[in-house]
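In: Generate a structure from the sequence data that follows.
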Amino acid sequence: MARRRIGPKVAFLYVFLVLPVLGVATVIIAIADRQRFWWSQVITGTGFIAAPLAIVIAGRIRARRLRRTPPEV
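Out: Numbering: from 1, shown residues only. As a prediction, the model looks like this:
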C-alpha cells in the first residue's frame with residue numbers, strides 16, 4: 001500500500017486546532033502540577049487522544065469530500 005501524504009487541509013487542522021489545544025493543556029498542566037491537581041493527568045491524556053483523533057477525523061472528511069466530487073478528466 002502506497003503511503004499517502006497529508007494534504008494541506010489536514011496540516012492546517014493539525015497546526016491550528018491540535019497544537020494550540022496541546023499548548024494550552026501544557027500550560028494548564030504546569031499550573032496544576034504546582035498545585036497538585038489530579039486533573040492534570042486527565043488533560044494530558046485528552047491531548048494525546050485528541051491529536052491522532054483530529055488527524056483521523058480530518059482524513060475521513062477529506063475522503064468523503066473526494067468521493068462526492070467526481071475526478072476531472
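In: pLDDT of stretch 23-41, averaged?
Out: Stretch 23-41 carries an average pLDDT of 70.
In: er, stretch 46-60 actually
Out: 76.
In: what's in contact with it?
Out: 6, 9-10, 13-14, 17-18, 21-22, 25-26 (C-beta atoms under 8 Å, 6 or more residues apart in numbering). The C-beta positions use only the backbone N, C-alpha and C, and glycine is treated the same way.
In: how close does Phe12 sit to Gly45?
Out: 25 Å (C-beta to C-beta, to the nearest Å).
In: repeat for Leu53
Out: Leu53 is 12 Å from Gly45, by C-beta to C-beta.
In: before we move on, what about Pro52?
Out: 13 Å.
In: Over to Ala32?
Out: 13 Å.
In: Comparing those two, which shows the higher neighbour count?
Out: Ala32 (18 against 11; other C-beta atoms under 10 Å).
In: who does the strand or helix carrying that one touch, helix- and strand-wise?
Out: Here Ala32 sits within helix 19-35, counting by DSSP states H and E. Secondary-structure packing of helix 19-35 (3 or more C-beta pairs under 8 Å, 6 or more residues apart in numbering; DSSP states H and E): helix 39-68.
In: and the angle for the helix it packs on with helix 19-35?
Out: With axes from the mean of the first three to the mean of the last three C-alpha atoms, to 10 degrees applied, the angle from helix 39-68 to helix 19-35 works out at 170 degrees.
In: If you count neighbours, what's buried in stretch 7-26?
Out: When burial is assessed from 16 or more other C-beta atoms under 10 Å, stretch 7-26 yields the following buried residues: 10, 13, 18, 21-22, 25.
In: now these as a markdown table including distance to Arg67?
Out: Shown next, in a markdown table, are the buried residues of stretch 7-26 (distance: C-beta to C-beta, whole Å):
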| residue | distance to Arg67 |
| --- | --- |
| Val10 | 16 |
| Leu13 | 19 |
| Val18 | 24 |
| Val21 | 29 |
| Leu22 | 31 |
| Ala25 | 34 |
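In: Closest one to Ala63 out of those residues, please.
Out: Val10 (10.9 Å; C-beta to C-beta).
In: ok, now how distant is Ala32 from Leu53?
Out: From Ala32 over to Leu53 (counting by C-beta to C-beta), the distance is 22 Å.
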